[in-house]
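Chemist: next one to model:
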Amino acid sequence: MKFVAKVLLAGTIVASLAGCAKDGELDLSSGVGISVTRTGCPTVAIPDGTGDITLFNTAGSQDANAIDVVASITNVRPTCNSGGEKIYSQASFEVQARRNDVQGAKTVTLPYFTTVVQGGSAVVAKRVGQVTLQFADGQSKASATAQAASYVDGNSARLPAEIVQKITKKRKPGDPDAALDPMADPEVRAAVVRSSFEMLIGFQLTEEQLRYNVTR
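Modeler: Numbers count the residues shown, from 1 in each chain. As a prediction, this is how the structure comes out:
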(Lines give C-alpha, C1' and ligand atoms only; values in the text may rest on other atoms or scores of the structure.)
Protein backbone atom coordinates (compact mmCIF):
# COMPACT_ATOMS: atom_id res chain seq x y z
CA MET A 1 0.00 0.00 0.00
CA LYS A 2 1.40 3.42 -0.89
CA PHE A 3 0.86 5.91 1.88
CA VAL A 4 0.15 9.60 1.42
CA ALA A 5 1.04 11.06 4.78
CA LYS A 6 0.04 14.17 6.64
CA VAL A 7 3.38 15.25 8.07
CA LEU A 8 3.29 16.35 11.69
CA LEU A 9 6.95 16.96 12.39
CA ALA A 10 9.61 17.81 9.83
CA GLY A 11 12.87 15.94 10.30
CA THR A 12 14.67 16.52 7.04
CA ILE A 13 16.77 19.59 6.21
CA VAL A 14 16.71 22.98 7.85
CA ALA A 15 18.75 25.30 5.65
CA SER A 16 20.18 28.74 6.36
CA LEU A 17 22.73 31.01 4.74
CA ALA A 18 26.26 30.66 6.13
CA GLY A 19 28.77 33.40 6.86
CA CYS A 20 28.61 36.60 8.89
CA ALA A 21 25.71 38.24 7.07
CA LYS A 22 22.66 39.40 8.97
CA ASP A 23 19.38 37.54 8.58
CA GLY A 24 18.14 37.83 5.01
CA GLU A 25 21.49 39.03 3.62
CA LEU A 26 24.14 37.20 1.62
CA ASP A 27 27.77 37.24 2.72
CA LEU A 28 29.31 37.96 -0.67
CA SER A 29 32.84 38.36 0.65
CA SER A 30 33.27 34.85 1.93
CA GLY A 31 31.01 33.05 -0.51
CA VAL A 32 27.67 31.43 -0.01
CA GLY A 33 27.03 27.95 1.30
CA ILE A 34 24.11 26.14 2.88
CA SER A 35 24.39 25.17 6.52
CA VAL A 36 22.63 21.89 7.12
CA THR A 37 21.15 20.91 10.46
CA ARG A 38 19.91 17.34 10.36
CA THR A 39 19.11 15.21 13.39
CA GLY A 40 18.26 11.97 11.62
CA CYS A 41 14.96 11.80 13.52
CA PRO A 42 12.12 10.41 11.41
CA THR A 43 9.19 12.57 10.47
CA VAL A 44 6.00 11.52 12.23
CA ALA A 45 2.82 11.35 10.17
CA ILE A 46 -0.64 9.81 9.88
CA PRO A 47 -1.21 8.28 6.42
CA ASP A 48 -4.32 9.54 4.68
CA GLY A 49 -7.32 7.28 5.26
CA THR A 50 -5.94 5.66 8.44
CA GLY A 51 -6.50 8.38 11.02
CA ASP A 52 -10.07 7.35 11.82
CA ILE A 53 -12.12 4.19 12.05
CA THR A 54 -15.86 3.48 11.89
CA LEU A 55 -17.48 0.44 13.49
CA PHE A 56 -20.98 -0.72 12.50
CA ASN A 57 -23.53 -2.58 14.60
CA THR A 58 -24.77 -4.67 11.67
CA ALA A 59 -22.45 -7.10 9.94
CA GLY A 60 -21.89 -6.24 6.28
CA SER A 61 -23.66 -2.88 6.54
CA GLN A 62 -22.05 0.52 6.04
CA ASP A 63 -25.28 2.45 6.23
CA ALA A 64 -25.23 5.66 8.29
CA ASN A 65 -27.99 4.26 10.51
CA ALA A 66 -25.79 1.28 11.37
CA ILE A 67 -22.83 3.31 12.67
CA ASP A 68 -21.91 2.16 16.17
CA VAL A 69 -18.60 3.86 17.07
CA VAL A 70 -16.40 6.41 15.30
CA ALA A 71 -12.85 7.05 16.55
CA SER A 72 -9.98 9.23 15.41
CA ILE A 73 -6.29 9.71 16.21
CA THR A 74 -5.38 13.22 17.34
CA ASN A 75 -2.92 15.25 19.44
CA VAL A 76 0.18 13.41 18.24
CA ARG A 77 3.22 14.51 20.26
CA PRO A 78 6.56 13.19 18.97
CA THR A 79 9.91 13.05 20.77
CA CYS A 80 13.25 11.75 19.52
CA ASN A 81 16.71 10.90 20.83
CA SER A 82 19.06 11.27 17.88
CA GLY A 83 22.29 10.36 19.66
CA GLY A 84 24.05 7.03 19.30
CA GLU A 85 24.03 4.30 16.70
CA LYS A 86 20.29 3.78 17.09
CA ILE A 87 17.91 6.73 16.90
CA TYR A 88 14.92 6.25 19.18
CA SER A 89 11.70 7.99 18.18
CA GLN A 90 8.51 7.97 20.22
CA ALA A 91 5.09 9.55 19.81
CA SER A 92 2.17 9.70 22.20
CA PHE A 93 -1.27 10.30 20.80
CA GLU A 94 -4.90 10.44 21.81
CA VAL A 95 -7.79 8.43 20.44
CA GLN A 96 -11.14 10.21 20.71
CA ALA A 97 -14.34 8.26 20.08
CA ARG A 98 -18.09 8.69 20.12
CA ARG A 99 -20.93 6.18 20.02
CA ASN A 100 -24.56 6.40 19.00
CA ASP A 101 -26.13 4.05 21.55
CA VAL A 102 -25.32 5.39 25.02
CA GLN A 103 -27.15 2.70 27.01
CA GLY A 104 -24.88 0.72 29.33
CA ALA A 105 -21.12 0.76 29.77
CA LYS A 106 -19.12 -0.27 26.73
CA THR A 107 -15.49 -1.26 26.13
CA VAL A 108 -13.97 -0.90 22.65
CA THR A 109 -10.47 -2.08 21.74
CA LEU A 110 -8.97 -0.75 18.51
CA PRO A 111 -5.77 -1.88 16.76
CA TYR A 112 -3.24 0.65 15.49
CA PHE A 113 0.03 0.31 13.60
CA THR A 114 3.45 1.93 13.77
CA THR A 115 5.41 1.67 10.52
CA VAL A 116 8.92 2.91 9.75
CA VAL A 117 9.46 3.86 6.10
CA GLN A 118 12.81 4.69 4.51
CA GLY A 119 13.14 6.81 1.39
CA GLY A 120 9.40 7.32 1.10
CA SER A 121 8.57 3.75 0.08
CA ALA A 122 10.63 1.01 1.76
CA VAL A 123 8.98 -0.40 4.90
CA VAL A 124 11.76 -1.37 7.34
CA ALA A 125 9.64 -2.15 10.41
CA LYS A 126 6.02 -2.49 11.48
CA ARG A 127 4.36 -3.07 14.83
CA VAL A 128 0.68 -3.42 15.74
CA GLY A 129 -0.65 -2.30 19.12
CA GLN A 130 -4.03 -1.83 20.76
CA VAL A 131 -5.81 1.02 22.51
CA THR A 132 -8.85 0.45 24.74
CA LEU A 133 -11.68 2.95 25.23
CA GLN A 134 -14.16 2.83 28.11
CA PHE A 135 -17.62 4.36 27.60
CA ALA A 136 -19.48 5.01 30.84
CA ASP A 137 -23.21 4.33 31.02
CA GLY A 138 -25.06 7.21 29.41
CA GLN A 139 -21.88 8.75 27.93
CA SER A 140 -21.48 9.16 24.18
CA LYS A 141 -17.77 10.08 24.22
CA ALA A 142 -14.58 8.40 25.40
CA SER A 143 -10.86 8.93 24.96
CA ALA A 144 -7.62 7.12 25.66
CA THR A 145 -3.91 7.71 25.13
CA ALA A 146 -1.45 5.40 23.42
CA GLN A 147 2.17 5.39 22.33
CA ALA A 148 4.15 4.45 19.26
CA ALA A 149 7.92 3.96 19.16
CA SER A 150 10.61 2.93 16.71
CA TYR A 151 14.35 2.63 16.22
CA VAL A 152 16.18 3.96 13.17
CA ASP A 153 19.73 3.03 12.23
CA GLY A 154 21.80 6.16 12.84
CA ASN A 155 24.25 5.54 10.02
CA SER A 156 21.43 5.10 7.51
CA ALA A 157 19.75 8.31 8.66
CA ARG A 158 22.85 10.50 8.38
CA LEU A 159 24.15 11.98 5.16
CA PRO A 160 27.57 10.81 3.93
CA ALA A 161 30.39 13.32 4.44
CA GLU A 162 30.87 13.85 0.70
CA ILE A 163 27.19 14.75 0.29
CA VAL A 164 27.32 17.19 3.20
CA GLN A 165 30.41 18.75 1.58
CA LYS A 166 28.52 19.25 -1.68
CA ILE A 167 25.62 20.91 0.11
CA THR A 168 27.70 23.16 2.36
CA LYS A 169 30.37 24.10 -0.20
CA LYS A 170 30.76 27.88 -0.32
CA ARG A 171 30.27 29.47 -3.72
CA LYS A 172 31.42 32.95 -4.64
CA PRO A 173 29.49 35.19 -7.03
CA GLY A 174 30.65 34.46 -10.55
CA ASP A 175 31.42 30.81 -9.90
CA PRO A 176 29.79 28.53 -12.51
CA ASP A 177 27.76 26.77 -9.82
CA ALA A 178 27.06 29.85 -7.65
CA ALA A 179 23.37 29.95 -8.55
CA LEU A 180 22.82 26.19 -8.56
CA ASP A 181 20.70 24.53 -5.92
CA PRO A 182 22.67 21.59 -4.45
CA MET A 183 19.43 19.61 -4.33
CA ALA A 184 19.30 19.77 -8.13
CA ASP A 185 22.23 17.34 -8.16
CA PRO A 186 20.71 13.84 -8.64
CA GLU A 187 23.34 12.29 -6.36
CA VAL A 188 22.61 14.75 -3.55
CA ARG A 189 18.86 14.44 -3.96
CA ALA A 190 19.02 10.63 -3.96
CA ALA A 191 21.20 10.61 -0.82
CA VAL A 192 18.80 12.91 1.05
CA VAL A 193 15.82 10.78 0.07
CA ARG A 194 17.63 7.55 0.97
CA SER A 195 18.56 8.83 4.44
CA SER A 196 15.07 10.17 5.20
CA PHE A 197 12.81 8.14 7.48
CA GLU A 198 9.15 8.41 8.47
CA MET A 199 7.31 6.94 11.44
CA LEU A 200 3.71 6.44 10.35
CA ILE A 201 0.87 5.93 12.82
CA GLY A 202 -2.69 4.91 11.98
CA PHE A 203 -5.51 2.48 12.70
CA GLN A 204 -4.92 -1.07 11.51
CA LEU A 205 -7.89 -1.19 9.15
CA THR A 206 -9.44 -4.03 7.23
CA GLU A 207 -9.76 -3.61 3.46
CA GLU A 208 -13.44 -2.78 3.90
CA GLN A 209 -12.72 -0.16 6.57
CA LEU A 210 -10.02 1.46 4.46
CA ARG A 211 -12.29 1.46 1.40
CA TYR A 212 -15.03 3.12 3.47
CA ASN A 213 -12.65 5.86 4.62
CA VAL A 214 -11.42 6.54 1.10
CA THR A 215 -14.78 6.50 -0.70
CA ARG A 216 -17.25 7.99 1.80
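Chemist: run the chain-centre distance for stretch 74-82.
Modeler: What separates the centre of stretch 74-82 from the centre of its chain is 9 Å, taken as Cα atoms, centre = their mean, to the nearest Å.
Chemist: what does stretch 158-169 give?
Modeler: Taking Cα atoms, centre = their mean, one finds stretch 158-169 lying 24 Å from the centre of the chain it belongs to.
Chemist: and for stretch 97-110?
Modeler: Using Cα atoms, centre = their mean, the offset of stretch 97-110 from its chain centre is 29 Å.
Chemist: straight-line length of that stretch, end to end?
Modeler: Counting by Cα to Cα, to the nearest Å, you get 11 Å between the two ends of stretch 97-110.
Chemist: how about that stretch: buried residues?
Modeler: For stretch 97-110, the neighbour count (16 or more other Cβ atoms under 10 Å) marks 97, 98, 99, 106, 108, 110 as buried. Any C-beta I mention is one placed from the backbone N, CA and C, and that applies to glycine too.
Chemist: closest to residue 153 out of these?
Modeler: Nearest to residue 153 among the buried residues of stretch 97-110 is residue 110, at 30.3 Å by Cβ to Cβ.
Chemist: would it be right to say that that closest one lies in a strand?
Modeler: Yes - counting by DSSP: H, G, I helix; E, B strand; the rest coil, residue 110 is part of a strand.
Chemist: quick one: mean pLDDT over stretch 103-111.
Modeler: For stretch 103-111, mean pLDDT rounds to 97.
Chemist: got it, and stretch 148-158?
Modeler: For stretch 148-158, mean pLDDT is 87.
Chemist: list the buried ones in it?
Modeler: Applying 16+ other Cβ under 10 Å to stretch 148-158 flags 148, 150, 152, 157, 158 as buried.
Chemist: got it, and stretch 51-66?
Modeler: Buried residues in stretch 51-66, defined by neighbour count with 16+ other Cβ under 10 Å: 51, 52, 53, 54, 56.
Chemist: I'd say the first one and residue 76 touch.
Modeler: What that stands for is residue 51. No - in this structure residue 51 lies outside contact range of residue 76 using Cβ atoms under 8 Å: 9.5 Å.
Chemist: mind putting the buried residues of stretch 148-158 into a markdown table with secondary structure and distance to residue 88?
Modeler: A markdown table is the format used below for the buried residues of stretch 148-158 (DSSP: H, G, I helix; E, B strand; the rest coil; distance: Cβ to Cβ, whole Å):
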| residue | secondary structure | distance to residue 88 |
| --- | --- | --- |
| 148 | strand | 12 |
| 150 | strand | 8 |
| 152 | strand | 8 |
| 157 | helix | 12 |
| 158 | coil | 15 |
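Chemist: since that was my last question, I'll sign off now.
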